[in-house]
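*Asks:* Predicted model and sequence below, questions to follow.
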Amino acid sequence: MSALLYIECSPRRADSFSSQAAAIYLDALPKGVTVEHLDLFAANLPEFDAVAAAAKYKVMGGKPLNPAEESAWSKVIALVDGFKAADHYLIAAPMWNFGVPYKLKQYIDLITHPGLTFIPRPDGMEGLAGGDAVVIYSRGGNYGPKDGQPDPYDHQSPYLQAWLELVGVSPVVEVAVEGTMRPPAGAQNRLDGVRVRLKELAAGIDGG
């Protein structure tokens, strides 16, 4: 058995192109792959506020936590444990203002801490999560590379690639659904261009 964590990042859910593309992938998974679905807009993520920040720095300094800090930090630990329990990751993220939805950024900020998901080393960072990932992007326009150079408006791919590398997730395969703001019929056809690729990626997972 292998475990996949599906991180859904759109509040539109089934009406979102990123979620629809993710459904194609999920439907093609081999038997034996268990899926944990994390809907970020339904997860009631805790705030990383002053109490949580104080707890983080006390933990880093080896200092005891007060009850409020213990409570805040326990929520962080629970999210980190859930993330690290996966063998594979599927992230479905629409582009919002050239970047990722704020709930995905909040989730990343909640689980990305030294000693929990990475360790600083003299020669760089050691990620503690492991596993591999498929990242699905949906975008209203075309923000893929131009003339061999990254699109300057694409702040999705560089950010998520850097974060996943930091926490030790590799390899990362990206699938982009572009042009979703075109007229309805044309937009729907955007999924046809990635359908085969998504099924191939899903079929390549070892169900154990």
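*Replies:* The structure has been received and is ready for your questions. Every value quoted in this text rests on a predicted model; they were computed, and no experiment measured them.

*Asks:* What helices and strands are in contact with the single longest helix found in the chain?
*Replies:* When the chain is parsed with DSSP state H, its longest helix is helix 67-84. Based on contacts counted as 3 or more CB pairs under 8 Å, 6 or more residues apart in numbering; DSSP states H and E, the elements that helix 67-84 packs against are helix 50-60, helix 102-111. Just so you know, the C-beta spots here come from the backbone N, C-alpha and C atoms, and that holds for glycine as well.

*Asks:* Buried residues in it, which are they?
*Replies:* Residues of helix 67-84 classed as buried: 69, 72-73, 75-76, 79-80, 83-84 (neighbour count, 16 or more other CB atoms under 10 Å).

*Asks:* ok so, going back, closest to Ser18 out of the helices and strands packed on helix 67-84?
*Replies:* Nearest of the helices and strands packed on helix 67-84 to Ser18, taken as CB to CB: helix 102-111 at 10.8 Å.

*Asks:* can you put the buried residues of helix 67-84 in a markdown table and add distance to Arg195 and pLDDT?
*Replies:* Listed next are the buried residues of helix 67-84 as a markdown table, based on distance: CB to CB, whole Å; pLDDT from 0 to 100:
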| residue | distance to Arg195 | pLDDT |
| --- | --- | --- |
| Glu69 | 48 | 98 |
| Ala72 | 43 | 98 |
| Trp73 | 43 | 98 |
| Lys75 | 38 | 98 |
| Val76 | 37 | 98 |
| Leu79 | 32 | 98 |
| Val80 | 34 | 98 |
| Phe83 | 28 | 98 |
| Lys84 | 31 | 98 |
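
*Asks:* What's opposite the residue most central in space within the chain in the beta bridge?
*Replies:* The residue at the geometric middle of the chain, judged as the C-alpha nearest the mean C-alpha position with CA atoms, centre = their mean, is Ile91 (4.1 Å). When bridges are taken as DSSP bridges, the partners of Ile91 come out as Ile7, Val135.

*Asks:* what residues are up against it?
*Replies:* Residues counted as contacts of Ile91 (CB atoms under 8 Å, 6 or more residues apart in numbering) are 7, 9, 104, 133-136, 160.

*Asks:* show me where this structure has strands.
*Replies:* Remark: strands assigned in the chain by DSSP state E are 2-8, 33-39, 88-94, 118-121, 124-127, 132-138, 172-177.

*Asks:* Switch the ones you listed over to CSV; also include mean pLDDT and distance to Pro152.
*Replies:* Conversion of the strands of the chain to CSV gives the following (pLDDT from 0 to 100; distance: least, CB to CB, whole Å):
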stretch, mean pLDDT, distance to Pro152
strand 2-8, 97, 26
strand 33-39, 98, 31
strand 88-94, 98, 19
strand 118-121, 96, 28
strand 124-127, 95, 26
strand 132-138, 97, 16
strand 172-177, 96, 16
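
*Asks:* Output the below-cut-off pLDDT ranges for the protein.
*Replies:* When residues are selected by pLDDT under 70, those of the chain lie in 182-188, 208.

*Asks:* so how far is stretch 51-71 from its chain's centroid?
*Replies:* Between the centre of stretch 51-71 and the centre of its host chain there is 26 Å, according to CA atoms, centre = their mean, to the nearest Å.
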